[in-house]
Every structure is written in C-alpha cells, then in structure tokens.
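1. missing the sequence, but the structure's below:
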C-alpha cells in the first residue's frame, strides 16, 4: 500500500504520541488490557505495534494507567494502516472499534 504524504504525517504523529510514553516511567512493565465485544480480554505490553486477536469483535475498551497512550489501527500493521482511534488513560468506546493492531506507549 503506498503511503501518501498527508497520511504519513497523521500516522507519524499518532505513533510518536503513543511511543513517546516509553521513556522510563516504571509503568511500561504493566500490561494494558484491551476488551473486545465478545468480553474477551487481551493483555499487551507497551512499545511497538501489536496485532490484536481476531474473532472477538471490535475493541470496546482499553484499561491502563493514566499516562498510558494508545493508537488503534485498521490493519494488522501500524505502518500503512489507517489510525482509527488514539488517546490516553482508560477508555471505553460507545461503538466497538474494528481494529487489527495497537501501539501502546
């Protein structure tokens, strides 16, 4: 998939915002819990792009510390995929987000 300059700027800003939280805060060893429509939970560690488990429906919530940042992506890769949602702290989505990958920072 070609990366267009406009998309690259958005993607880079989203990833850098999530990864910016990786510098020695002590929270990086704690897992972040991702909740799916099915009620299934996936625990992920901070840093890098992580593929989300399939067959569980959309993401309905992310539980982490107040400094944890995240970005959800449409594909199973964070490069070349569209960012669907980003934010920080614990979040609950009113409408499930059909994401395939996440960056936690």
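-> Happy to help now that I have it. Being a predicted model, the structure only gives us computed values, none of them experimental.

2. switch to C-alpha atoms for all contacts and neighbour counts from now on
-> Fine.

3. count the residues that sit near residue 82.
-> A count of nearby residues for residue 82, using other C-alpha atoms under 10 Å, gives 17.

4. wait, it touches residue 75, no?
-> Yes: applying C-alpha atoms under 8 Å, one finds residue 82 in contact with residue 75, separated by 7.3 Å.

5. residue 32 and residue 80: what is the separation?
-> For residue 32, the distance to residue 80 equals 24 Å [C-alpha to C-alpha, to the nearest Å].

6. higher neighbour count, those two?
-> For the pair residue 32 and residue 80, the greater number of neighbours falls to residue 32 (25 against 17), based on other C-alpha under 10 Å.

7. how confident was the prediction at that one?
-> Among the per-residue scores, residue 32 holds a pLDDT of 93.

8. how about the residue nearest the centre of the chain: what's its closest non-neighbour residue?
-> When the chain is reduced to its mean C-alpha position, the nearest residue by C-alpha atoms, centre = their mean turns out to be residue 102, at 3.0 Å. With C-alpha to C-alpha, 6 or more residues apart in numbering as the measure, residue 72 is the residue that lies nearest to residue 102, at 4.6 Å, once sequence neighbours are left out.
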